[in-house]
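1. structure of the sequence below:
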Amino acid sequence: MQKKKYVQVGTGGRAQFFYSAIATMFNETSELTAFCDINQTRMDYANRLLTDKYGYHAVRTYKIDQFDEMIEKEKPDAVIVTSVDRTHHTYIIRAMELGCDVITEKPMTVDERKCQDILDAVKRTGRNVRVTFNYRYAPHHTKAREIIASGAIGDVHSVHFEWLLNTRHGADYFRRWHRDKRNSGGLLVHKSTHHFDLVNFWIGSEPETVFAFGDLMFYGRENAEKRGITQFYERSTGNPIAAEDHFALHLDQNPNLKAMYLDAEHEDGYRRDQSVFGDGINIEDTMGVMVRYKNNAILTYSLNAYMPWEGYRIAFNGSKGRLEMTIVEQSYVNSGGDKSKEGALKNKTIVVYPMFGAPYEPEVEEGKGGHGGGDPVLLNDIFGTPVDDPFRRRANHIDGAKSILTGIAANKAIRTGLPVRVADLVKFD
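-> Below you'll find the model as predicted:
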């Protein structure tokens, strides 16, 4: 069996999820041959993890301006894109133009113009783009799709979806590059792309009209001042003021974060431990969204990034009943520990309420691993031996676009105070 060859662009926090899988579980079917990044120190650290932690060989490294050269020399089957969100489209498009398929971390990109460029490039090149929506593969999420598809609650008319990010995980987005909306599209794109994709996946439809409100109401210096905070700092590491701050991240106290970020600062100036109560944050931490779908279903959605627990509550209201789910997840700091614990399931409650019958809890397989048990299943689907999937969990560029367009439309609605038609943002045909 001939191995599929991969190269990976971007060696930050999310990258290890992919290269560790190739190096260990899927080294008989897949081969990683190169890294590409703006930061040589970070690539060198990724290579040390490959050799010392995962027992793999070191791979060749290329700087960002050598991307084309890397593709020419390595001749990969596919490029794995795990760079900063605002650069995804650059590498997705160029990889396809150079004859490669693409596997990209979510979100596929951050705004409608970049999304249109990707859609056009797929048509132009005929290459494939895979978006890694691991939440689709979590057993309880797959079960929700199965229940709805079975007709147990009839036609879904409305969905109420509340997602909570806690003060460990939620705060982390306000320390790093995500705090600038130009980089991430804000949480309604970077994080909510998961959630909006799940709704599309669950109800078998796509967004038509979006309206939203959102603001920065907890994080940021101005909000801290309103609560009476008087001591501020720029970054946490080595700062005595940060020693007593529950929201501080000390890079020198975590070997992985130190090697990946603190030791690499001299090359690109990126600081991973910025104060969540500093200036320069322009993303929202409190958001409410309403969506009308093409099948006339209505979604009411909220996301808050400073809650006491991590997880979500969702209810599907249908013509024959109601499905409720409450999911509590393991909180985490990206790259700060065991990857299998990122979004791991702590407990779940799933109840079906038939309109004229007794409520019942459906049996659900217990998933193991990150993102509710979805991570291992997704990785096998990408790098291993995929099996027939009646739930069609594999996501392409169209799925990637339809998920981010809800968040992109919500961002526009927040800016303008007006509802946004998704059809006015991009053209699929």
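
2. which secondary element of this structure has the worst mean pLDDT?
-> helix 370-383 (a mean of 86; mean pLDDT, DSSP states H and E).

3. report the contact partners of the residue of the chain positioned farthest from its centre.
-> The centre of the chain is farthest from one residue, Phe356, which by Cα atoms, centre = their mean lies 38.7 Å away. If you count contacts by Cβ atoms under 8 Å, 6 or more residues apart in numbering, Phe356 has none. Every C-beta, even on glycine, is put in place using the N, C-alpha and C of the backbone.

4. same deal with Lys346?
-> Taking Cβ under 8 Å, 6+ apart as the test, what Lys346 contacts is Gly311, Val328, Glu329, Gln330.

5. for the spatially closest residue to Ile398 that is not a sequence neighbour, phi and psi?
-> Nearest non-adjacent residue to Ile398, counting by Cβ to Cβ, 6 or more residues apart in numbering: Phe428, 7.0 Å away. For Phe428, the backbone dihedrals are phi -90, psi -20 (criterion: degrees, to the nearest 10).

6. do you know the pLDDT at Phe428?
-> Predicted confidence (pLDDT) for Phe428: 95.

7. how close does the residue most central in space within the chain get to Phe174?
-> By Cα atoms, centre = their mean, the mean C-alpha position of the chain lies nearest to Lys106, the distance being 4.5 Å. In this view, Lys106 and Phe174 are 19 Å apart by Cβ to Cβ, to the nearest Å.

8. before we move on, what about Val328?
-> From Val328 over to Phe174 the distance is 22 Å, taken as Cβ to Cβ.

9. tally of neighbours for the closest residue to Lys53 other than its chain neighbours?
-> Nearest in space to Lys53, with sequence neighbours left out and distances taken as Cβ to Cβ, 6+ apart, is Ser20 at 7.8 Å. Neighbour count of Ser20, defined by other Cβ atoms under 10 Å: 20.

10. try Gln40
-> Neighbour count for Gln40, taken as other Cβ under 10 Å: 16.

11. tell me the contacts of it?
-> Thr61, Lys63, Glu267.

12. of these - the most surrounded one?
-> Thr61 (18 neighbours).

13. can I assume that one sits in a strand?
-> Yes. Counting by DSSP: H, G, I helix; E, B strand; the rest coil, Thr61 falls inside a strand.

14. in the protein, where is pLDDT below threshold?
-> Filtered on pLDDT under 70, the chain yields the residue ranges 1, 332, 334-343, 367, 371.

15. longest helix in it, please.
-> helix 397-416 (DSSP state H).

16. report all helices and strands that that helix contacts.
-> With contacts taken as 3 or more Cβ pairs under 8 Å, 6 or more residues apart in numbering; DSSP states H and E, helix 397-416 sits against helix 112-125, strand 129-131, helix 187-190, helix 192-203, strand 207-215, strand 286-293, strand 420-421.

17. list the neighbouring strands of the second one plus their orientation.
-> It stands for strand 129-131. strand 101-104 (parallel), strand 395-396 (antiparallel) (DSSP bridges).

18. give me the contacts around that strand.
-> With Cβ under 8 Å, 6+ apart as the criterion, strand 129-131 contacts 78, 92, 96, 101-104, 106, 108, 118, 122, 382, 394-397, 399-400, 403.

19. just the shortest one next, same as before
-> Residues external to strand 420-421 that are found in contact with it (Cβ under 8 Å, 6+ apart): Glu208, Thr209, Val210, Phe211, Ala409, Ala410, Lys412, Ala413.
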